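> can you look at this prediction? I've put the sequence above it.
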Amino acid sequence: MKCPSCGSLEDRVIDSRTGGDGLSIRRRRACQDCLRRFTTYERIEAHRPLVIKKDGSREPFNRDKILSGLRKACEKRPVSEERLEEAVERIEQTLQERGETEMDARVIGAILVEELKNIDPVAYVRFASVYQEFTDVSEFTRLVTDSDGGDSAGGDSDGGDSAGGDSAGGGSDDEKPRGVKDTDGAP
Ligand SMILES: [Zn+2]
């Protein structure tokens, strides 16, 4: 640690103690060159990935923003606030487990869409159609076609075939994956 007086990098730790909250360690150090004493603190790094937006700019991951997006999608739907909090918790955890310092907004969008699929079919479709603009068509189509395996949104389709077939067909017109809306009977 660079000495604040002389800039020397040679120092000796003369005392270490854990902070009252148990979340930090305080170290007293003595410069080996000028003998000046100084203090450093060591803390656990809060891992907060940067989100890469569509225009390439970065912003810190913001859980409030995610939560308000989910709230909006679930407006007037029978979904409890608690359910949404849990979803955000899981999303945050997923991001942390991946351990990446930066993450594309589209990837986060895809995770959110997955979460909503389990929460509420209508909210899922609402959100998916909004997120379309962040999502490249092939990615979105893949997401939707991957999801045909016995989800509740599909409803009456016993084979799970109609849901998958529709969206695959819709995806082939290079515009937007209209199949999503059709499949789930959006309002
Ligand atoms: Zn010094």
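Thanks, I have the structure now.
> which bits of the protein sit near the ion?
Contact residues (C-beta under 5 Å from the ion) of the chain with the ion: 3, 5-6, 8, 31, 33-34, 36. Using the backbone N, CA and C atoms, a C-beta is placed for each residue, glycine as well.
> check which helices and strands the longest helix seen in the chain is in contact with.
Longest helix of the chain, by residue count under DSSP state H: helix 81-98. Applying 3 or more C-beta pairs under 8 Å, 6 or more residues apart in numbering; DSSP states H and E, we find helix 81-98 packed against helix 63-73, helix 105-119.
> now those as JSON lines including mean pLDDT, mean neighbour count and distance to residue 92?
Shown next, in JSON lines, are the helices and strands packed on helix 81-98 (pLDDT from 0 to 100; neighbours: other C-beta atoms under 10 Å; distance: least, C-beta to C-beta, whole Å):
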{"stretch": "helix 63-73", "mean pLDDT": "85", "mean neighbour count": "16", "distance to residue 92": "6"}
{"stretch": "helix 105-119", "mean pLDDT": "85", "mean neighbour count": "20", "distance to residue 92": "10"}
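> helices along this structure, start to end?
Applying DSSP H to the chain gives helices spanning 63-73, 81-98, 105-119, 121-131, 137-146, 161-171, 179-184.
> for this structure, what helix or strand is lowest in average pLDDT?
Lowest mean confidence among the helices and strands of the chain (mean pLDDT, DSSP states H and E): helix 161-171, at a mean of 41.
> am I right that residue 49 is in contact with residue 95?
Yes: the pair residue 49 and residue 95 qualifies as a contact (C-beta atoms under 8 Å) at a distance of 5.5 Å.
> now the common contact residues for these two.
When contacts are counted by C-beta atoms under 8 Å, 6 or more residues apart in numbering, the set common to residue 49 and residue 95 consists of 61, 103.
> count of neighbours near residue 124?
Residue 124 is flanked by 27 other residues according to other C-beta atoms under 10 Å.
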